[in-house]
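1. My questions concern the predicted model and sequence given below.
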Amino acid sequence: MFKKIAFSVNGKAFNFEVDIRESLLELLRNRLGYTGVKKGCGVGECGACSVLIDGIPFDSCLYLAVWADGKQITTIEGVAEKNGELSKVQKAFVEEGAVQCGFCTPGLVLTTKAMVESGEDYTRDQIKRELSGHLCRCTGYQSILKAAEKSLEGHICTCIKER
Ligand code: FES
Ligand code: FES
């Protein structure tokens, strides 16, 4: 069974007929060519397929394409500045050496971007929790944490009490 949906990806509008069993990951990666959306586990464990849906991080492998009707989706392809320069978050990942094979990086950058754009203050433990849905086989996580903290400069909460 198919259903017509309207949504946007990185500001570009789409009207698309989707199989109601199709995941957003399959739609974005296989049919629309957003290959920055990675398929790792396919079952919501690794975070490699993360995208922002109306600014909130989701595992696109667990999100049905039909649910995207009326939504604004952001993939890693839409994160750089309009002039083509890397965004502040992307630069922080490069500067802190938080990218090795790069498979986990799109998802981590998008989740960090969501934190930055929330305007909230975060403790180190809260940042760890926000990033805990992302598995990285390469970096050992310290550099990723540093990159996220650098991205959130000015919004790191040093209070002792956790919220
Ligand atoms: S591919 Fe979606 S969480 Fe792993
Ligand atoms: S950089 Fe290779 S999985 Fe994270």
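-> Here it is on my side, so go on. Ligands and ions are numbered 1, 2, ... in the order given.

2. So which elements touch the helix ranked longest in the chain?
-> When the chain is parsed with DSSP state H, its longest helix is helix 105-118. The contact analysis (3 or more Cβ pairs under 8 Å, 6 or more residues apart in numbering; DSSP states H and E) places helix 105-118 against strand 50-53, strand 56-59, helix 88-95, helix 124-131, helix 142-151. From N, CA and C alone the C-beta is placed, and that goes for glycine too.

3. Would you tell me which one of these is buried the most?
-> Across the helices and strands packed on helix 105-118, averaging neighbours per residue (mean count of other Cβ atoms under 10 Å) puts strand 50-53 on top, at a mean of 24.

4. what about that strand, average pLDDT?
-> Strand 50-53 carries an average pLDDT of 98.

5. Get me the contact residues on this protein for ligand 2.
-> Within the chain, the positions adjacent to ligand 2 are 99, 100, 101, 102, 103, 104, 105, 136, 137, 138, 139 by Cβ under 6 Å from any ligand atom.

6. My read is that the third one contacts residue 139, right?
-> Meaning residue 101. No: counting by Cβ atoms under 8 Å, residue 101 does not reach residue 139; the two are 9.2 Å apart.

7. any low-confidence regions in the protein?
-> Applying pLDDT under 70 to the chain flags residues 160-163.

8. can you list the domains in it?
-> 2-78, 88-151 (automatic domain parsing).

9. What separates the first and last residues of the shortest one, distance-wise?
-> Across domain 88-151, the straight-line distance between its terminal residues is 6 Å, by Cα to Cα, to the nearest Å.

10. Likewise for the longest one?
-> This stretch, domain 2-78, spans 28 Å end to end (Cα to Cα).
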